[in-house]
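>>> Attaching a predicted model along with its sequence, questions to come.
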Amino acid sequence: MTRSLCHQAPELHEFEATVLDTRPGAVLLSRSAFYPGGGGQPADRGVVRWAGGVVRVERLEAEGDRLWHVLAEPAVVEGAVEGVVDAAFRRQMCQLHTGLHIVNALAFQAFDGALVTGAQIGDDGTARIDLDLPGADNDRLRALEPAVNDAIRQNLAVRQVYVPTEVALAERGLLRSRSVAPPPQADGTIRVIEIAGLDRQACGGTHLASTGQSPPVRILKVDNKGRHNRRIRIGLAG
Ligand SMILES: [Zn+2]
C-alpha cells in the first residue's frame with residue numbers, strides 16, 4: 001500500500017519514498033504526500049526526483065490502497081526518490097476548499113439544513129458549490145459574504161477527527177453531501193473536518209489549519225441550477 005501523508009501531515013510538501021513498482025511512465029511509491037484528487041478537489045501537482053533526474057507528476061491513479069504517480073514523460077524511476085508537492089497550488093486548493101466549507105456551514109445554518117449537491121475547485125482561483133435550496137432568495141446567499149469573512153478574521157482552528165460510522169450517520173448535517181460521501185477508513189471510521197465553533201462535516205480533502213490562513217473570500221456569483229439547486233461561486237481576494 002501507499003502510505004498517504006496528505007491527511008496525517010498536511011504541511012508536508014517534500015517527502016522521501018521508495019519505489020514499490022514501476023511501469024513505463026508511472027511509479028508506485030511507498031508513501032506519498034500528493035493529494036490524489038476527489039470530492040471536487042483537483043489532484044496535487046509536483047515532481048518526483050531520483051538519481052536519474054526529475055520528472056513532473058501528471059496525475060495520480062489510485063488502485064485500491066496503492067497510489068500510482070503518472071509521469072509527464074516515459075521515465076523509468078528507480079530506487080530512493082523524493083516527491084515534491086507544488087506548495088503554492090496546494091495552498092490555494094486548501095484556501096478555496098476551506099472557503100467552501102465556511103460558505104456551506106453558513107448556508108446550512110441560515111437555510112436550516114441545505115445539503116451539498118456538488119462542488120468543484122478550479123485552478124483559476126475560484127471554486128463553486130451547489131446547494132439544494134429550493135425557493136432560496138439568491139440575494140440572501142450573496143449576503144453571506146461578510147459572515148464568511150468574519151469566520152476568516154476570527155482565525156478559527158480547523159482540525160480533522162475520525163468518528164465511527166454509526167456516530168457520523170446519527171449526527172445531523174455531518175454527512176452534508178448528497179452526491180459524494182467520503183469512503184470510510186480501513187478501520188470503519190469517517191474523517192470529519194471540524195471548524196471550531198462553526199461546523200463539522202465529513203470530508204476527504206485537504207484544508208487549512210485555521211481559517212485565518214485564507215485571504216478574504218468574495219462571493220462572485222449565485223446562479224439557479226434547476227429548480228432546487230443554487231450554485232455559489234467564490235474567489236480569493238488579493
Ligand atoms: Zn473538505
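Sure, I can see it.

>>> going forward, measure contacts and count neighbours with C-alpha atoms only.
Fine.

>>> So for the protein, which residue is the most central one in space?
Gly205 (2.9 Å; Cα atoms, centre = their mean).

>>> In contact with that one: list those residues for me.
Residues near Gly205 by Cα atoms under 8 Å, 6 or more residues apart in numbering: Tyr35, Gly37, Gly38, Gly39, Gln41, His97.

>>> Now do the second one against Val222, distance only.
This means Gly37. 25 Å (Cα to Cα, to the nearest Å).

>>> more crowded one of these two?
Remark: of Gly37 and Val222, Val222 carries more neighbours, 20 against 17, as counted by other Cα atoms under 10 Å.

>>> What strand or helix carries the more buried one?
Secondary structure from DSSP states H and E places Val222 in strand 217-225.

>>> buried stuff in that strand?
Neighbour counts over strand 217-225 (16 or more other Cα atoms under 10 Å) mark Val217, Arg218, Ile219, Val222, Asn224 as buried.

>>> isn't the third one right up against Ala237?
This points to Ile219. No: in this structure Ile219 lies outside contact range of Ala237 using Cα atoms under 8 Å: 10.0 Å.

>>> Surely Asp150 is in a strand?
No: using DSSP: H, G, I helix; E, B strand; the rest coil, the secondary structure at Asp150 is helix, not a strand.

>>> Counting neighbours, what do you get for it?
Neighbour count of Asp150, defined by other Cα under 10 Å: 14.

>>> before we move on, what about Pro42?
Neighbour count for Pro42, taken as other Cα under 10 Å: 18.

>>> go on, Ser214?
By other Cα under 10 Å, 21 other residues sit near Ser214.

>>> What distance do you get for it to Phe34?
Per Cα to Cα, Ser214 is found 21 Å from Phe34.

>>> likewise Asp86?
Note on Asp86: its distance to Phe34, by Cα to Cα, is 9 Å.

>>> of the two, who's got more company?
Higher neighbour count among Asp86 and Phe34: Phe34, with 30 against 15, using other Cα under 10 Å.

>>> For that one, give me its contacts.
Residues near Phe34 by Cα under 8 Å, 6+ apart: Ser4, Leu5, Cys6, Ala43, Asp44, Arg45, Leu60, Val85.

>>> Quick check on it: phi, psi?
Main-chain dihedrals, Phe34, degrees, to the nearest 10: phi -70, psi 130.

>>> What separation is there between it and Arg23?
According to Cα to Cα, Phe34 and Arg23 sit 19 Å apart.

>>> Tell me which residues are up against the helix or strand of the chain with the lowest mean pLDDT.
The helix or strand of the chain with the lowest confidence, counting by mean pLDDT, DSSP states H and E, is strand 3-4 at a mean of 84. Under the criterion Cα under 8 Å, 6+ apart, residues Ser30, Arg31, Ser32, Ala33, Phe34 lie in contact with strand 3-4.
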